[in-house]
Each structure stands twice: as structure tokens, then as C-alpha cells.
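# Structure for the following, please:
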Amino acid sequence: MFKAGTESAQGEFTREMGRRLGERIVEKLDGRPDALWLFCAPEQGLSNLLHGVKEATGARILVGCTTDGEIHDAAVQTGSAVLGGMRSDRVDFSVAVAERVGEDSERAGRDIALGLPRSVRYIQLFSDGLTGNGSAMLRGISSVLGGHIPVSGGTAGDLGRFVRTWQFAGRRVMTDAAVAIGFSGDVRVGTGAGSGWAPIGLAKTVTRAKGNVLYELNGKPALAVYERFLGRHACNLPQVGVEYPLMIVGGHGSPNEDSNCMLLRATMSVDRKNGAIVFAGDIAEGATVHLTCGDRDAIQEAAGNAARMALEGLGDANPVMLFCYSCMARKIVLGRHTVEELHRIRATVGKEIPMIGFYTYGEYCRPGAEGPSFLHNETATVSILGV
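Numbering: from 1, shown residues only. Have a look, this model is predicted:
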């Protein structure tokens, strides 16, 4: 038996709203859910909302976070709460939490992995989008469980305010934390990722970098390289960098070029004193990179490609629930056409499969059927559960 469903609500976050959402999920699943996902705006009343959901459902496991926009059945929402639930006698769910991820993200990843059973076959991870290092967190997880366990999910948002994000586990509301839900048992997952940005000009080599700070490209200050590329738009850095992310195309922790998914890194801030740029994810010294640009059609097409990749990864399993974690930068670039990338995903997977997710500050996903998972930027990621 496997049942899945989603619900959504707008308005003030109260205990009563949480109860209504929970009651509708219980009705849709014909019983108490085994696991719940809650994605919502960073508004007042988060604790009340969580308590209401737990009271109505009696669910043992609830995970989630605040967002830069909620996804519910191919609709893009803001200021809302979306709730997804699963009920199954074929899947066992577990939860792990790590706090103070900003102090040591790799340690946080190890703590997450150690908190999950060795039987885990798939992990969804939701971490603070403003603190910590998602790449290091994945390294910590793989150091315990190995790199073969697919990890998907996203980093929490706060509607572009870049002040504070929140993560949920049960009735707990946390910040500077990471929450993971593990899947064990008879479950299959297909994952896919796509961006739609294309390289411009000649490839460059990262000659000096540390973590997510890029100091030099081809021996020249990274900021100077970007300013020359952007011309008159350079005065709008780092914001304009959302439209022109850096693409990692070769080696040093990037996906294989045959995966059709290159890693993108979005600019977060600039260090004019040192001529450096701070990105949203790690960039390794020695990596081959490209400056990029994207157009609306290619970005939307990439979302459909990610869905096809995930569907192919299921093999002969039947899809039962669809998770979409897409970058807030895509929402900025696509504007009022943002919903069209979700329609591309729906057209590929089917309209009858429950769909939930959110717009993130960074996306976790394995870009194909095999290999490790990565932290992405400016990417649409799709994970499909099958039985």
C-alpha cells in the first residue's frame, strides 16, 4: 500500500490553519500519514502552524523549511503553506537533525548520516540557506554512508530577504540547522537536474579559490574578469550575477560531462578589496569553468529534461510522488513565466502524480541515475518516488 497527497492554504499561520491542512491530508490518505513535508513562507506563527498539523494528523515524522516560494501541483505560490503526506506499509521513514551548521558543515553532515539507519536508501535534506556550506554537508554525509546514496532537497529561503531561514522537525522550529528524512524499504527514486544556462567564450581555470570564495581565474582577479565580461552591468554585482552564473565543467568535484548537468554557482557577494567573488557553493582550485548566460526557452526546457531524466531513473517502477526543488534565481529570471517550468515537468511526469516542493537558495540532487549528489545553484531538480 502506498498513498500520497498534497494540500495548500493561504492566510495567517495559526494552529487552526495547521489543523485544517492536517485534516485534509488525513482524509486524502484515508488514514494517519507516516511522513509529512511542510514548506511555507517565513511568516509569523510557524510554531502554531506546526502544532496544528501534528495535532490533526498524529504523524510521527514532519520535516520542512521556509522558502522563496512554494510549489503545489504545478502552481507557484508565495505567502502560503503547502503540506505533503505519505502513507505506506512498504517504506520506513527516519529523521535526523544537525544544529549550528554554520560552525562546521562537514561535521553537521556526519551527524545527519549517523542519525539515520544504515538501511537508508534515499535522503531528502533541508538546510539553512544562509549559513553553512551545502557542499561540505554532502561530503560529511558521504563520508559515513558512501556516495551512492542519493540526496535531494534544498536550502531554505526567506523570500529574498536574506536575513534568516527556518527549518522544521516535528514541532521544532530551528535556524542554522539541517533536517533530513531517510527512506528505507521497498522504494525507488529517480532524480534529474537541469539548468538551461550555456557557456560563453573560452573556458577558464580556477587558479585560486578557497571554499566558496573565488579569487583568481587564469591568474587574474576573479572580480576583474567578471567586470570585463559584464561591461556596464558590472556595477550591479552581485545581483546581476544571478543572470550570469559560473559553470563548472570539468573535474574537481563536478559531475561528469556525460551527465548533461554541469554545476552552476551563483554570486552571493563581492570582495572588492581582494578582487574576489563569493559564490553560493564551493569552487575548487584547478577546476575548469565557463561564464554563462541563459534564455527563457532553454531554462524551461531544462526543467522538462530534468523530469525526463528522473522518470527514466525509475525504470519499471510506478511513480507515486513528485518533488521539485528549483532555484530562486530561476524565478527571478523567468518572472511571470516561472510557472511554465512546472508545466514542463507536469507534462513529462503526468498530471495525476501529487507534486510538492519549493524555490530554494540552493538545490541538492544527484544529476542522474548513478554517481554522487551535488549542491547546485540556478538549477531545477526533480525527484520522483516509485514503487
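
# list the buried ones in stretch 69-84?
Neighbour counts over stretch 69-84 (16 or more other C-beta atoms under 10 Å) mark 69-74, 76-77, 80-84 as buried. Just so you know, the C-beta spots here come from the backbone N, C-alpha and C atoms, and that holds for glycine as well.

# before we move on, what about stretch 205-224?
When neighbours are counted by 16+ other C-beta under 10 Å, the buried residues of stretch 205-224 are found to be 206, 209, 212, 213, 214, 215, 216, 217, 221, 222, 223.

# what mean pLDDT does it have?
Per-residue pLDDT values over stretch 205-224 give a mean of 95.

# again with stretch 116-132
Model confidence over stretch 116-132, given as mean pLDDT, is 95.

# ditto for stretch 1-19
If you average the pLDDT over stretch 1-19, you get 96.

# and the least confident of the buried residues of stretch 69-84?
residue 74 (88).

# That one: what's it in contact with?
Counting by C-beta atoms under 8 Å, 6 or more residues apart in numbering, residue 74 touches 339, 342, 343, 345, 346, 351, 355.

# Pull the most distant pair out of those.
By the measure C-beta to C-beta, the contacts of residue 74 have their two most distant members at 339 and 351, which lie 14.1 Å apart.

# Neighbour count: those two, which is higher?
For residue 339 versus residue 351, neighbours defined as other C-beta atoms under 10 Å are more numerous around residue 339 (14 against 10).

# confidence score at residue 201?
Note on residue 201: pLDDT of 88.

# Run me through the strand neighbours of the helix or strand it falls within, direction for each.
Using DSSP states H and E, the element containing residue 201 is strand 197-210. Note on strand 197-210: by DSSP bridges, its sheet partners are strand 213-217 (antiparallel), strand 288-294 (antiparallel).

# for the chain, what helix or strand is lowest in average pLDDT?
Comparing every helix and strand of the chain by mean pLDDT, DSSP states H and E singles out strand 246-250 as the least confident one, with a mean of 86.

# Show the subsequent helix or strand relative to that strand.
strand 263-265.

# helices or strands next to that next one in the packing?
Packing contacts for strand 263-265, counted by 3 or more C-beta pairs under 8 Å, 6 or more residues apart in numbering; DSSP states H and E, involve strand 246-250, strand 374-376.

# most neighbours per residue, which of these?
Compared across these, strand 374-376 shows the largest average neighbour count, a mean of 28 (mean count of other C-beta atoms under 10 Å).

# Name the residues that touch the strand holding residue 201?
Outside strand 197-210, the residues that reach it (C-beta under 8 Å, 6+ apart) are 214-219, 225, 229, 245, 247, 249-250, 252, 264, 283-294, 298-299, 378.

# what does stretch 131-141 give?
In contact with stretch 131-141 (C-beta under 8 Å, 6+ apart) are residues 101-102, 105-113, 123, 125, 127, 149, 151, 155, 175-176, 178, 211-212, 253, 281-282, 362, 364, 372-375.

# quick one: contacts of the helix or strand harbouring residue 56?
Using DSSP H and E, the secondary-structure element containing residue 56 is helix 46-57. Outside helix 46-57, the residues that touch it by C-beta under 8 Å, 6+ apart are 13-23, 25-26, 32-33, 36, 38, 40, 59, 62, 66, 81, 83, 85, 166, 168, 170-173.

# Which of these fall in helices?
15, 16, 17, 18, 19, 20, 21, 22, 23, 25, 26 (DSSP state H).

# so who does the residue lying closest to the third one once chain neighbours are set aside touch?
Nearest in space to residue 17, with sequence neighbours left out and distances taken as C-beta to C-beta, 6 or more residues apart in numbering, is residue 9 at 5.4 Å. Residues in contact with residue 9, defined by C-beta under 8 Å, 6+ apart, are 17, 20, 21, 80, 81, 83.

# Identify the farthest-apart pair in these.
20 and 80 (13.0 Å).

# sorry, back to before: tell me which of the buried residues of stretch 69-84 fall in strands.
Under the assignment DSSP state E, the buried residues of stretch 69-84 contribute 70, 71, 72, 76, 77, 80, 81, 82, 83, 84 to strands.
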